[in-house]
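Participant: Could you work out the structure for the sequence below:
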Amino acid sequence: MLTDLAKQLRADLDRAGYYPDLVAGVIDIAVADEPVTSFLVHPETTFDNTEVFRHLTALVLTPTRLVVAHVDDAPGSESQPAALATTDSVAVTQIRSVTLTHGVSEPAHGHARETQELTLAVNWGTAQSVDLQPATCGDPDCEADHGYTGTLAPEGVELRVSAQAEGSAALRGALDFARALSAATGRGPTA
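Facilitator: Residues are numbered from 1 along each chain as shown. Below is the predicted model:
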């Protein structure tokens, strides 16, 4: 039997419109019959000169875990589109940090509590990724090998939700989820 919150999650997946049956199915497997305590559905579409790329991230909080689902378009044909759906289940006790960046306008005019955009970054750091690029010395004529430079990033997820782009209801949902996740990581799993 679905709880009201699980029904609301499904309604948000349907509203996002990006393979809702697929997304609901992979989330159902990952959640594994635990109750949903909070969630955030974030569809994202990007464009380049010739193509549209769709992506959806769903964050689902249970009493013991954070389930992160990503769904992307995959190579296919026009008559047979394809998608890749990945879930990651992270124990609440393994989450190392929840970073919230609030974007506000005119903070000196009494609107400091009115967030217009929120960036939510969750780090569980069980693995790290390295982004390497050739190092340079700044001399455009230099041909010496300067090795590589890079950035080490802990494993996690980052989302940005803006009232202007996604609407104020989406931003309120993101703020509610951020509050629930912050509270859950502060107290650990509940029985």
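
Participant: quick one: buried residues of the longest helix that the chain contains?
Facilitator: In the chain, taking DSSP state H as the definition, the longest helix is helix 168-187. When burial is assessed from 16 or more other C-beta atoms under 10 Å, helix 168-187 yields the following buried residues: 170-171, 173-175, 177-178, 181, 184-185. All C-beta spots, glycine's among them, are computed from the backbone N, C-alpha and C.

Participant: With stretch 31-44 instead?
Facilitator: Buried positions in stretch 31-44, judged by neighbour count with 16+ other C-beta under 10 Å: 31, 36-44.

Participant: contacts for that stretch?
Facilitator: Contact with stretch 31-44 is made by 3, 5-6, 8-9, 12-13, 15-18, 54-65, 67, 120, 159, 161, 166, 170, 173-174, 176-177, 180-181, 184, as judged by C-beta atoms under 8 Å, 6 or more residues apart in numbering.

Participant: Next one: Val67 from Val36, what distance?
Facilitator: Using C-beta to C-beta, to the nearest Å, one gets 9 Å for the distance from Val67 to Val36.

Participant: Name the residue closest to the centre of the chain, please.
Facilitator: Nearest to the mean C-alpha position of the chain, counting by C-alpha atoms, centre = their mean, stands Leu159 at 4.5 Å.

Participant: Sticking with that residue, tell me its helix or strand.
Facilitator: Leu159 belongs to strand 148-162 when assigned by DSSP states H and E.

Participant: Pull out the buried residues from the helix or strand immediately after that strand in the chain.
Facilitator: Using DSSP H and E, the next helix or strand after strand 148-162 towards the C-terminus is helix 163-166. Within helix 163-166, the residues scored as buried using 16+ other C-beta under 10 Å are 163, 166.

Participant: then helix 163-166 to CSV, C-alphas only?
Facilitator: Listed in CSV are the C-alpha atoms of helix 163-166, where the atom choice follows Å, rounded to 0.1, in the frame of the first residue of the first chain:
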residue,chain,number,x,y,z
ALA,A,163,12.2,29.8,-8.4
GLN,A,164,12.7,31.7,-11.6
ALA,A,165,13.4,28.6,-13.7
GLU,A,166,11.5,25.8,-12.0
